[in-house]
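*Asks:* dropping the sequence and predicted coords here.
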Amino acid sequence: MTEFMGYVRPDGSVGIRNYVLMLSGTLYANKICDYVAGIVPNTISITHPLGRCQVRPDLRMTRRFLSNTGMNPNVAAVVVVDHFKEDGCTAYDIADDIQKATQKPVAVVNIRGEGGFVNALSQALRYASGFARLVSDYQREAVPLSKLLLGVECGTSDTTSGLASNPSTGMCSDMVIAAGGRTIMAECTEWMGCENWLTSRAATPEIAAQIVAGVKDIETRAMASGEDIRGSQPTGDNIVGGLTTIEEKSMGAVKKGGSAPVVGYLDIAERPTSTKPGLYLMYGPGHGGESISSMAAAGCQVLVFNAGGGHTSAHPIMPTIKITGNAHSYELMGDTVELDVSGVLRGEFSIEEAGQRVFDEVLATCNGRLTKSETFKDFNSFAIHRIGISI
Amino acid sequence: MKKVFVVEKEDNVGTAVGELLQAGETVGTEGRIKDITVTVAADIPYGHKVAIRPIAKGEQVLKYGLSIGTASADIQPGDHVHIHNVESNRGRGDLYAEQQQEE
């Protein structure tokens, strides 16, 4: 049985990191979170420009992203900081969500309630310091791979993505699922044109219907903004590059989800309630930051990001492994890309061997190996999906 | 010999992943199929597809082991496979939904 060394949380989930999270509830609390994370070891800051003057559905979305990110097992303890008590999305609401779902230690700092910025900073620092000492006692222990929830993503896609890195990642995903684990694949804009392949793998007719409805929904929403995302696919650039049909383009992307049965369908940033092994598809846009953040919010401990052109993308609390099938991209972007699987295209090793390399990198990262982006603390990919306008 | 890359055994096209394949050149296959050679009928740029088997008009064009469209003309091994001889099936979710409702 394949195992990895992780931090077992009170709710039974398993983290591959053991962070104290400084979670900003509103843009006005961002700086306090950043300052504290700059001082206290093993402490990560998550900030964003939202949480204020949003329409109700957006405020609920902001709360879901923030609360669920705090619930991610890579987070050992959380300090939530806010300024205004935005009705329906206060730091207390978020802390309460996290605490109830996971029983992990949480604390709240309200800037106004603390008597201003300086007092709030000092209180946040005090909480983070205490949590950092507390969680430093936590030890890794061996757990089965069935505890892993893997995220898969692609971006800066090129000709090599569909041929080498996405199929390799798909093999890795199949290996995780064969060991009892789960994989999430989001970005339903990219399922367009190969819905039939995904629905043919759906475990139930309900899931098949949800997949089709998800694509239709995001297409309709884009259309309401005047964007026809189906009619224009593949783009002129794609055709010049050799892509002939929308099916071909989408299948190249969807290959990263492997060939396992689709056992669940999730709303954006929703935490799966089922532990059934298999592929879970998640509603959401192609926007990399939002897509990655939605998978971290769902509880993915690690992400494999297929970046044909190379990428710096990395989520703050979900280690983000980048791979490419383009040797030139690896030469240019190798300081933030872990794996070069271009040897597949040159016949140096098989797709199976590449899949094994991706799997080995995932396992090593779960056991504590730092991603290249983690060594730079370049945590750039947190973004919250938006629905409506600011008010 | 230059190679085109074949993702799955079922595929009837390979993709150029190196330098330009020139018309009249004999190329081999790499990936899940390694033993086919074809003589390319036209210049094939990087990222473009070459037929590695005959594909009759109306048959599915297979890449990733899956249909990426229907041949709109008879395609010979070595032919450039692109928008001039493939039509999207569009696998359209909206059509699928309508079909489900009709059933």
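*Replies:* Perfect, thanks for sending it.
*Asks:* closest point of chain A to chain B, which residue?
*Replies:* Chain B sits closest to residue A:242 of chain A, with a gap of 3.4 Å, by CB to the nearest CB. Quick note: C-beta positions are derived from backbone N, CA and C, even for glycine.
*Asks:* how far away is that residue from residue B:25?
*Replies:* 17 Å (CB to CB, to the nearest Å).
*Asks:* which one's more surrounded, those two?
*Replies:* More crowded of residue A:242 and residue B:25, by other CB atoms under 10 Å in any protein chain shown: residue A:242, with 20 against 15.
*Asks:* ok, which residues in the stretch 101-250 of chain A are in contact with chain B?
*Replies:* Contact residues (CB under 8 Å from any CB of the partner chain) of the stretch 101-250 of chain A with chain B: A:159-160, A:162-163, A:167, A:191-197, A:199, A:209, A:211-213, A:215-216, A:230, A:239, A:241-248.
*Asks:* let me know the secondary structure of the residue in chain A sticking out farthest from the centre.
*Replies:* The outermost residue of chain A relative to its centre, with distances by CA atoms, centre = their mean, is residue A:115 at 35.4 Å. Assigned with DSSP: H, G, I helix; E, B strand; the rest coil, residue A:115 falls in the coil class.
*Asks:* tell me the pLDDT of it.
*Replies:* In this model, residue A:115 is scored at 97, pLDDT.
*Asks:* give me phi/psi at it?
*Replies:* phi 90, psi 40 (degrees, to the nearest 10).
*Asks:* can you map out the strands along chain B?
*Replies:* Using DSSP state E, the strands of chain B run over B:3-6, B:13-16, B:26-31, B:37-39, B:49-51, B:60-63, B:66-71, B:80-81, B:86-87.
*Asks:* need the contact list for the residue of chain A closest to chain B.
*Replies:* A:159, B:15-16, B:45-49, B:82 (CB atoms under 8 Å, 6 or more residues apart in numbering or on different chains).
*Asks:* among these, find the lowest-pLDDT one for me.
*Replies:* Among the contacts of residue A:242, residue A:159 has the lowest pLDDT, at 91.
*Asks:* and the closest residue to that residue other than its chain neighbours, how many residues sit next to it?
*Replies:* Of all residues beyond its chain neighbours, the one nearest residue A:159 is residue B:47 (3.9 Å), with distances taken as CB to CB, 6 or more residues apart in numbering or on different chains. A count of neighbours around residue B:47, defined by other CB under 10 Å, yields 18.
*Asks:* for the stretch 251-391 of chain A, which segments are assigned as strands?
*Replies:* Assigned by DSSP state E, counting those that start in this stretch, the stretch 251-391 of chain A shows strands spanning A:262-266, A:278-282, A:302-307, A:320-324, A:339-340.
*Asks:* helices and strands around the first one, which ones?
*Replies:* Contacting strand A:262-266 under the criterion 3 or more CB pairs under 8 Å, 6 or more residues apart in numbering or on different chains; DSSP states H and E are the following elements: helix A:205-224, strand A:278-282.
*Asks:* now do the last one
*Replies:* In terms of contacts (3+ CB pairs under 8 Å, 6+ apart), strand A:339-340 is packed against strand A:320-324, helix A:351-366.
*Asks:* contact residues of chain B facing chain A?
*Replies:* Checking chain B against chain A by CB under 8 Å from any CB, the hits are B:3, B:5, B:7, B:15-17, B:30-32, B:34, B:45-49, B:61, B:63-64, B:66-69, B:81-83, B:86-94, B:96-97, B:100.
*Asks:* weed out the non-buried ones from those residues.
*Replies:* For the residues of chain B next to chain A, a burial check counting by 16 or more other CB atoms under 10 Å in any protein chain shown picks out B:3, B:5, B:7, B:15-17, B:30-32, B:47-49, B:61, B:63-64, B:66-69, B:81-82, B:86, B:88-94, B:96-97.
*Asks:* what's near enough to touch residue B:73?
*Replies:* Residue B:73 makes contacts with B:57, B:84-85, as judged by CB under 8 Å, 6+ apart.
*Asks:* closest to residue A:55 among the contacts of residue A:242?
*Replies:* residue A:159 (41.2 Å; CB to CB).
*Asks:* which residues sit in contact with that closest one?
*Replies:* A:241-242, A:308, B:15, B:17, B:46-47.
*Asks:* Throw the residues you listed into JSON lines and include distance to residue A:362, thanks.
*Replies:* Below are those laid out as JSON lines (distance: CB to CB, whole Å):
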{"residue": "A:241", "distance to residue A:362": "29"}
{"residue": "A:242", "distance to residue A:362": "30"}
{"residue": "A:308", "distance to residue A:362": "19"}
{"residue": "B:15", "distance to residue A:362": "27"}
{"residue": "B:17", "distance to residue A:362": "25"}
{"residue": "B:46", "distance to residue A:362": "30"}
{"residue": "B:47", "distance to residue A:362": "28"}
